[in-house]
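J.: Take this sequence and fold it.
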Amino acid sequence: MDILGTVDPAKVHYIMSANFPNFPKGLELKKIFDVLGDGIFNSDLELWKSQRKLAREMIIHMRFHKCLVKTNVDKVENGLILVLEMKAEFLICKILTFDTTCDPDCLSLELVNVPFLNAMDDAKDKLSKAEEDLDQVLGKYISMKREELSNAIKSEEDDEGYDLLTSYMVNDAETKTGLKFDNKFLRDTILNFMFAGHDTLSRTPAIEKKIREELKAIVLLGEGEKRRLFKADEVKNAIYLHAALCESLRLYPPVAIQHKTPLEPDIFPSGHHVHSNMRVMIPLYAMGTMEYIWGHDASKLKPERWISDRGTVKHEPSYKFFSFNAGPRTCLGKEVAFTQMKIVASTIIHN
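T.: I've put the predicted structure just below:
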């Protein structure tokens, strides 16, 4: 099979936006990530459209944002800070993401080993071996949620313990979309959300210092140096923090490479020909370090490149800054991710 690799933003725009219908992920990628089943990460065409429409309705709902912020605050205040203070430095941010998605309460001082998170790591390299563990654990949580809802332990109006899995179970979208909300659908959907939110960021002392100074400006006069938890609305406009997160994602994208398979023969604006037996590879990691895209200091961690002369966050086109995908498949959880990252990063750095 022929392979065409590209880091050209113009080609990325053509693939992801201008002629999006001709460049699905393809069967080969689905085989590689078979563990993710028919979730939004793997699906194409009409199945993907239905899944994305449903996921978008869930994510933009105000109740989801209320749930997200509450869950993050609870996990950071009652889990993350206590664990860090006890110097239990193991897979912390991954556990936080896991708890937000289906809330099995992994982030606690008592739990030293989390089998599911080990399976998540294994899944990236040894998908077939880890699939049984993933199915077993996710099946357990889905059954627990079904039992809770059937026994009226949690209802649609009950915010305590409400999470993404619950929102899918109590939503009436099954009749609207034609999708069957059986255990397999819920398993594939939740695993795809967890896979998307699984990776974390890097930092440097100099950048941390500037973020700390920005956070100190948010803290009210008289609060002193006492321990403090930042709320989502407080760090929403933390420009340097936002820029540092964007810069980390540019250099260390959670998904290092994109893979497409043309449905029909096509010609890129550059004149390159592609056909249906060809794979088109987009290496995000390479794009993030290309000097002709980002300048001579492309390999340097420099949050300032994301801040305009007016002191606002500088927008970069998605086909250039590709960490959240581009075009119709742009990541639905982009704002969710920034909310989570800002709450966690601000709390750790300030405290």
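
J.: distance of the residue nearest to Lys210 when sequence neighbours are not counted from Lys209?
T.: Of all residues not flanking Lys210 in the chain, Tyr240 sits nearest, at 5.5 Å (C-beta to C-beta, 6 or more residues apart in numbering). The way it works is simple: take the backbone N, C-alpha and C, and place the C-beta from them, glycine included. Look at Tyr240 and Lys209: by C-beta to C-beta, to the nearest Å, they are 10 Å apart.

J.: So for those two, which sits in the more crowded spot?
T.: Ranked by neighbour count (other C-beta atoms under 10 Å), Tyr240 and Lys209 place Tyr240 first, with 20 against 11.

J.: Which stretches in the stretch 251-351 of the chain count as strands?
T.: For the stretch 251-351 of the chain, the strands defined by DSSP state E, counting those that start in this stretch occupy 257-260, 266-267, 273-274, 278-283.

J.: Just give me the longest helix of this protein.
T.: Determined from DSSP state H, the single longest helix within the chain is helix 127-150.

J.: Now do the buried residues in that helix.
T.: 127, 130-131, 133-135, 137-138, 141-142, 145, 148-149 (16 or more other C-beta atoms under 10 Å).

J.: and if you look at stretch 281-300?
T.: Those would be Ile282, Pro283, Leu284, Met287, Gly288, Met290, Ile293, Trp294, Ala298, for stretch 281-300 by 16+ other C-beta under 10 Å.

J.: Going by mean pLDDT, which of the strands of the stretch 251-351 of the chain comes out lowest?
T.: When the strands of the stretch 251-351 of the chain are ranked by mean pLDDT, strand 257-260 comes last with a mean of 85.

J.: That one pairs with which strands, parallel or anti?
T.: Strand pairing for strand 257-260, using DSSP bridges, gives strand 278-283 (antiparallel).

J.: mind checking how far Pro262 is from Val255?
T.: For Pro262, the distance to Val255 (C-beta to C-beta) stands at 20 Å.

J.: Neighbour count: these two, which is higher?
T.: The neighbour comparison of Pro262 against Val255 (other C-beta under 10 Å) goes to Pro262, with 21 against 18.

J.: contacting residues for the nearest residue to Glu264 once chain neighbours are set aside?
T.: In space, and not counting its chain neighbours, Glu264 is closest to Asn22: 5.7 Å by C-beta to C-beta, 6+ apart. Taking C-beta atoms under 8 Å, 6 or more residues apart in numbering, we find Asn22 in contact with Pro262, Leu263, Glu264, Asp266.

J.: Touching, the first one and Met278? I think so.
T.: Yes - because the distance of 6.4 Å satisfies C-beta atoms under 8 Å, Pro262 is recorded as touching Met278.

J.: where does Val7 land in three-state SS?
T.: Reduced to three states with DSSP: H, G, I helix; E, B strand; the rest coil, the structure at Val7 is coil.

J.: can you pull the contacts of it?
T.: With C-beta under 8 Å, 6+ apart, Val7 has these contacts: Ile282, Pro283, Ala286, Met287, Met290, Ile293.

J.: switch the cut-off to 10 Å
T.: Residues near Val7 by C-beta atoms under 10 Å, 6 or more residues apart in numbering: 281-290, 292-293, 322.

J.: now swap in Glu316 and tell me
T.: By C-beta under 10 Å, 6+ apart, the neighbours of Glu316 are Pro9, Cys246, Arg250, Ile293, Trp294, Arg305, Trp306, Phe322.

J.: ranking those by neighbours, who comes first?
T.: Comparing the contacts of Glu316 by number of neighbours (other C-beta under 10 Å), Arg250 comes first, having 26 neighbours.
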